[in-house]
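*Asks:* need a 3D model of the sequence below.
(one chain, ligands or ions: 2)
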Amino acid sequence: MKRKILVAGLGLIGGSLAKAMQQEDENYLIGYDLNEETLQIALNEKIIDESYTDLEEAAKGAEIIILAAPISETIKLMKQIDQIVFDHDVIISDVSSVKGSILKVANELTNKRITFIGGHPMAGSHKAGIYAAREHLFENAIYVLTPTNSCSNEKVDELKKALQPTKSNFIILQPEEHDEMTSVISHFPHLIASSLVHQARKWEQVHHYLPELAAGGFRDITRIASSNPKMWQDIFAHNGNKMSRLLQDWINEMVTLKEFLDKNSKEEMISYLDQAKKYRDGLGEKKTRGALPSFYDIYVDIKDQPGAIASVVQLLATENISIRNIRILEIRDNIHGALRLSVLNQADQQKAFALLQNNHFDVTIEP
Ligand SMILES: NC(=O)C1=CN([C@@H]2O[C@H](COP(=O)(O)OP(=O)(O)OC[C@H]3O[C@@H](n4cnc5c(N)ncnc54)[C@H](O)[C@@H]3O)[C@@H](O)[C@H]2O)C=CC1
Ligand SMILES: O=C(O)C(=O)Cc1ccc(O)cc1
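*Replies:* Ligands and ions are numbered 1, 2, ... in the order given. All right, here's what the predicted structure looks like:
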């Protein structure tokens with residue numbers, strides 16, 4: 001008997017999960033989405049085996065239900081599913097970026113057939129919708145699980161088994177600690193990225209040429225400001241208290257930084273920047289890939305000519321080094337091409353470094 005899994009919400013995250021789980025023969029994928037075009041695409045591309053536009057019909061046959069809609073919609077779906085009469089036990093999980101408000105509702109569900117286990121795959125992109133869904137999106141990423149108070153280990157193992165094809169690394173956290181960590185490492189940076197873009201936009205009124213100077217640094221730090229505004233408003237709203245506290249801390253820190261600048265405190269400023277650099281560089285030593293992508297990087301200074309990138313990629317392929325991410329750093333646009341390659345582990349990084357150097361490429365591991 002196949003394991004029947006319903007994915008409700010087949011956008012970037014739900015679509016990616018369905019694509020990954022569909023790789024396992026044992027899994028049978030059911031799709032539900034408000035958007036009929038999305039369902040049609042999912043069927044056409046065989047991401048799901050059958051589709052429904054009625055939630056109850058879709059949920060009734062499923063043993064596992066993954067809710068992958070926006071957070072506020074997910075809460076509505078949880079309450080709707082709580083009303084369904086099931087003739088078997090069902091595990092419900094979600095993918096929401098905030099866990100506190102989800103688990104509060106989950107712990108209040110009354111349906112005896114339901115076991116709720118919160119979930120948050122810690123990888124994504126600034127894109128949305130089923131077209132952006134990728135089977136490999138969660139490979140090596142952290143996948144946080146937040147079980148409800150009454151949940152058994154067996155149920156957690158059952159869910160993990162269904163999600164195994166995502167090839168992510170599962171960890172169990174309390175909702176509170178999850179929300180505190182993600183507010184620091186994921187949610188708050190979005191707010192700051194958007195504010196930096198606003199600052200540049202204002203200054204463009206003074207210097208019309210300013211966008212032309214927006215080089216690699218500005219683009220790197222503001223990339224996430226291009227994400228879906230509705231989704232991020234929803235995340236901020238559900239993690240509002242923690243975000244507000246962080247913002248106050250940040251404002252205090254900016255006041256201190258302003259003092260360093262106004263007093264021209266050379267030592268204090270170097271020390272501030274140095275501590276940040278050391279901590280940021282150290283993040284690369286972690287073995288798993290979290291929300292921060294591409295830890296094992298190699299920088300190749302390639303000439304801006306046809307076939308230059310292909311020759312680097314080809315060389316690594318001959319040694320079976322698989323490239324996780326590839327990017328041209330815009331800071332060198334029109335001068336040389338600085339290519340950043342990200343590989344899976346330190347061994348591959350060393351191997352790629354030696355290989356490229358032996359083939360006369362200008363290569364570094366530090367940017
Ligand atoms: N985008 C990202 O990088 C990440 C997002 N998340 C979380 O994943 C969830 C979904 O985000 P994305 O996939 O990026 O959004 P998306 O916009 O790509 O997909 C959402 C899908 O849900 C559908 N939907 C909306 N309301 C619905 C409802 N009531 N019933 C059924 N389907 C409904 C939409 O039609 C759409 O297909 C959010 O809760 C977000 O917090 C988690 C990790 C990463
Ligand atoms: O693109 C990025 O860097 C992200 O920030 C992706 C992301 C978005 C939301 C999440 O809850 C987890 C990861």
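
*Asks:* could you use CA atoms for every contact and neighbour count after this?
*Replies:* Will do.

*Asks:* tell me the contacts of Arg3?
*Replies:* Residues near Arg3 by C-alpha atoms under 8 Å, 6 or more residues apart in numbering: Glu26, Asn27, Tyr28, Glu63, Ile64, Ala162.

*Asks:* got the CA positions of stretch 56-65 in CSV?
*Replies:* Provided in CSV are the C-alpha atoms of stretch 56-65 (Å, rounded to 0.1, in the frame of the first residue of the first chain):
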residue,chain,number,x,y,z
GLU,A,56,-12.4,17.8,2.6
GLU,A,57,-12.3,15.5,-0.5
ALA,A,58,-8.6,16.0,-0.7
ALA,A,59,-7.9,15.4,3.0
LYS,A,60,-10.1,12.4,3.6
GLY,A,61,-7.9,9.8,1.9
ALA,A,62,-4.6,11.1,3.1
GLU,A,63,-2.4,9.7,5.9
ILE,A,64,-0.1,12.7,5.9
ILE,A,65,-1.1,16.2,5.2
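
*Asks:* in that stretch, what counts as buried?
*Replies:* By 16 or more other C-alpha atoms under 10 Å, the buried positions in stretch 56-65 come out as Glu56, Ala58, Ala59, Lys60, Gly61, Ala62, Glu63, Ile64, Ile65.

*Asks:* redo the residues you listed as a markdown table? Include pLDDT, secondary structure and distance to ligand 2.
*Replies:* Formatted as a markdown table, these follow (pLDDT from 0 to 100; DSSP: H, G, I helix; E, B strand; the rest coil; distance: C-alpha to the nearest ligand atom, whole Å):
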| residue | pLDDT | secondary structure | distance to ligand 2 |
| --- | --- | --- | --- |
| Glu56 | 98 | helix | 27 |
| Ala58 | 98 | helix | 26 |
| Ala59 | 98 | helix | 25 |
| Lys60 | 96 | helix | 28 |
| Gly61 | 94 | coil | 29 |
| Ala62 | 98 | coil | 25 |
| Glu63 | 98 | coil | 25 |
| Ile64 | 98 | strand | 21 |
| Ile65 | 98 | strand | 19 |
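
*Asks:* what stretches of the stretch 201-350 of the chain score poorly on pLDDT?
*Replies:* Applying pLDDT under 70 to the stretch 201-350 of the chain picks out residues 284-295, 304, 329-337.

*Asks:* how about the strands in it?
*Replies:* Remark: strands assigned in the stretch 201-350 of the chain by DSSP state E, counting those that start in this stretch are 296-302, 323-329, 337-343.

*Asks:* how much distance is there from the longest helix seen in the chain to the middle of the chain?
*Replies:* Identified as the longest helix of the chain according to DSSP state H is helix 240-263. Offset of helix 240-263 from its chain centre (C-alpha atoms, centre = their mean, to the nearest Å): 26 Å.

*Asks:* centroid-nearest residue for the chain?
*Replies:* Nearest to the mean C-alpha position of the chain, by C-alpha atoms, centre = their mean, lies Ala123 at 2.1 Å.

*Asks:* okay, how far is it across stretch 49-57, tip to tip?
*Replies:* Taking C-alpha to C-alpha, to the nearest Å, stretch 49-57 runs 15 Å from one end to the other.

*Asks:* wondering if that stretch reaches ligand 1 at all.
*Replies:* No: Stretch 49-57 stays out of contact with ligand 1 when judged by C-alpha under 6 Å from any ligand atom, the minimum separation being 7.9 Å.

*Asks:* so what touches that stretch?
*Replies:* Counting by C-alpha under 8 Å, 6+ apart, 28-34, 36, 39, 43, 58, 81, 84 sit against stretch 49-57.

*Asks:* one more time with 7 Å
*Replies:* Stretch 49-57 is contacted by residues Tyr28, Leu29, Ile30, Gly31, Tyr32, Asp33, Leu34, Leu39, Leu43, Ala58, Ile84 when judged by C-alpha atoms under 7 Å, 6 or more residues apart in numbering.

*Asks:* again with stretch 153-165
*Replies:* Ala20, Met21, Gln23, Glu24.

*Asks:* at 8 Å what do you get?
*Replies:* By C-alpha under 8 Å, 6+ apart, the residues outside stretch 153-165 that reach it are 3, 17, 20-21, 23-24, 27, 64, 91, 115, 117, 147, 170.

*Asks:* buried subset of those?
*Replies:* Looks like the contacts of stretch 153-165 have Leu17, Ala20, Met21, Asn27, Ile64, Ile91, Thr115, Ile117, Pro147, Phe170 buried, using 16+ other C-alpha under 10 Å.
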